[in-house]
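Novice: My questions are about this predicted structure, shown below with the sequence.
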Amino acid sequence: MSCGCKTSGDSSHSCGTKSANGCESVDTCGNSYKLSVFDWLSNINNPSQSQTDFVEVRFKNDRKFFYKNVNKLPLHIGSVITVESSPGHDIGVVSLTGELVKIQMKKKRVSEENPLKIYRLANQKDIEIWQDARGKEESVKIQARKIAYALNLEMKITDVEYQGDGTKVTFFYTAETRVDFRQLIKEFASLFRAKIDMKQIGFRQEAAKVGGIGSCGRELCCSTWLTDFRSVNTNAARYQQLSINPQKLAGQCGKLKCCLNYELDSYLDALSDFPPSSTTIDTEKGKVFCIKIDVFKKRMWFAYADHSMAWYDLDVQDVKKMIAKNKKGEKAPALEDVKVNDAPLKSVDLIQENNMDRFERRGKNSGKNQNRKKPNNEQKPENKTSAKQGDRRKRISEKPTDKPLDKTAQQNQKPPQNKPKPFKKKLQPKRDDNA
C-alpha cells in the first residue's frame, strides 16, 4: 500500500513540506518500498512516556540509515527531511518511527553513540535541488561506463547515486579482481564537478539494487524482503536431491539461488529418518548399494553391484530391517523378495471420452435436448408414384370377372388402340405492367 504521494522513485516526492504531518496516510506510507518494515505498532499508544529519538531514513534503492531527532521535530512515515552528511547534507524520506527503530538498530548492530543528526524538514528549495540531482543519474552512469571502457578497466558500474545537495556522487561497481581507478577518479572529477566516491559491492548486492524477475515468476527476494545474504553451497542442492545443473541453480546474480536455503531445514529433518545413502547391504544374491532417495514417498532405490541396471525401490523400514540383519551377521533376503509392487492405478481419460451417450443422458435429465435421435424402427415414406401404381394393380386384381362374351361380340370387339394425346400449346403468361 502506497501513500499516493509518488515516493516510490524518491526523485518525484512532493509531500512533507506543506504540513508537519507529512503524508495523509502516515501509518501505512512507506510499507511498499524495497526492504521496508511493517509498522505493526502504529495504532498502539506507547505506555511509557519516554520515546526514542531515532528514526529510520530511506534513500535511493535499499540504502537506509538511522538518525537522531535532536530538534524534536514532528516526524512521520513519509516526511522528507534534511540530514547530516559528510560533506554537506543529504535528503531522505522517513521510513520507520517509534519503538521498532530500536529493534532494527539492535538487529543491524548500529551503535547509539555519536549518531548522525536530523537538521530540519526539507523545504521547497532542497527538494528542487534533490530532484535535479536525481534526474542526472542515468546520463552520468552511461558516461561513466564509457570512460571505464576506454581505460580498459575490468569493472562494471552498476548504479550512481547523487547526494541530496548535489556535491557528492557515489559510484557502485562490481569487479572480480582489484581495480586501480586512480585515473578514473580524475576523469570523473573533471567531468562531473563533484566529489567522487567509489564503492565496490558484490554480485548479490548488485541484483538487489537493480531488481528483476526470478525464474519462479516473482520479484527477486533480495530486492523485496531479504535483508541478509547467507552463504549457499552445493550441499543444499544435494540434500534436496536436485541435479547439479549450474544453469538451473544459479540466479540472476550468477551465484547459487538464495531460495535453496529456504526448505533445507525441512529436508534435513526428513532425512534424519533415512539410513545413510552410502550404506551397502549384503543380501543372498550379493551386495547392493543405494542409488536414489525419495524423501516424500520415503523410498530408497537399490541395485546389485554386479548388475546395476536393475533398480529396486524399497521402503525405509524394510531397509532398516535388512541393515539390522547384517549387523547380526545374517544375510538379508534378495531385493526381489522385499520389493513391494504397487497396485497400478486405473487412469480415466476425462477429455477424450468415447461414449457419446452422455449427451443424451444429459438431455433427458435437463429436458432441453431437442435434437434427439429417432428410433430405428420407423419406416421412411415411399415415393408417391410407386404408391399409386401399387394401389391401381391391387384394384385390378380384386375386380370380379365378367361373363364370357359371345363369338359375334368377340369378333366385333376391336383391340384397344393407343391414341396419342392432343398437343396443348403452352401460352406465356401475360405481362402485368402494374406489377
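Specialist: Ah, there it is.
Novice: where does this protein dip in pLDDT?
Specialist: 1-34, 46-50, 339-435 (pLDDT under 70).
Novice: Residue 297 is in contact with residue 314, correct?
Specialist: No - using C-beta atoms under 8 Å, residue 314 is not in contact with residue 297, being 11.1 Å away. All C-beta spots, glycine's among them, are computed from the backbone N, C-alpha and C.
Novice: Tell me which of these two has more neighbours.
Specialist: Neighbour count, other C-beta atoms under 10 Å: between residue 314 and residue 297, residue 314 has more, with 21 against 10.
Novice: Which residues does whichever strand or helix holds the more buried one contact?
Specialist: Secondary structure from DSSP states H and E places residue 314 in strand 312-315. With C-beta atoms under 8 Å, 6 or more residues apart in numbering as the test, strand 312-315 has contacts from 288, 294, 298-303, 322, 335-336, 338-340.
Novice: Let's see that with 7 Å instead.
Specialist: Residues outside strand 312-315 that contact it (C-beta atoms under 7 Å, 6 or more residues apart in numbering): 298-303, 335, 338-340.
Novice: got TSV for those residues, with neighbour count, secondary structure and distance to residue 257 too?
Specialist: Formatted as TSV, the contacts of strand 312-315 follow (neighbours: other C-beta atoms under 10 Å; DSSP: H, G, I helix; E, B strand; the rest coil; distance: C-beta to C-beta, whole Å):
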residue	neighbour count	secondary structure	distance to residue 257
298	14	coil	27
299	17	strand	27
300	21	strand	27
301	13	strand	27
302	24	strand	31
303	17	strand	32
335	23	helix	37
338	17	helix	38
339	15	coil	36
340	10	coil	36
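Novice: can I get these in CSV with distance to residue 129?
Specialist: CSV is the format used below for those (distance: C-beta to C-beta, whole Å):
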residue, distance to residue 129
298, 65
299, 67
300, 68
301, 68
302, 72
303, 73
335, 78
338, 78
339, 77
340, 76
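Novice: Can you name the two of those that sit furthest apart?
Specialist: For the contacts of strand 312-315, the maximum inter-member distance is 18.7 Å, found between 298 and 303 (C-beta to C-beta).
Novice: And the strands in the stretch 51-200 of the chain, which stretches?
Specialist: 54-58, 64-68, 80-84, 89-96, 116-121, 156-162, 168-174, 195-200 (DSSP state E, counting those that start in this stretch).
Novice: Make sure residue 166 is actually in contact with residue 129.
Specialist: Yes - Residue 166 is within contact range of residue 129, at 5.8 Å (criterion: C-beta atoms under 7 Å).
Novice: Domain parsing of this structure, as residue ranges.
Specialist: 1-126, 136-201, 208-270, 280-338 (automatic domain parsing).
Novice: the helices in this structure, which residues?
Specialist: Using DSSP state H, the helices of the chain run over 100-107, 124-135, 137-150, 182-192, 203-210, 234-239, 246-249, 264-271, 316-327, 335-338, 357-366, 384-398, 407-412.
Novice: Can you tell me which of those is nearest to residue 39?
Specialist: helix 100-107 (6.1 Å).
Novice: Buried residues of the closest one, list them for me.
Specialist: The neighbour-count check on helix 100-107 (16 or more other C-beta atoms under 10 Å) flags 100-101, 104-105 as buried.
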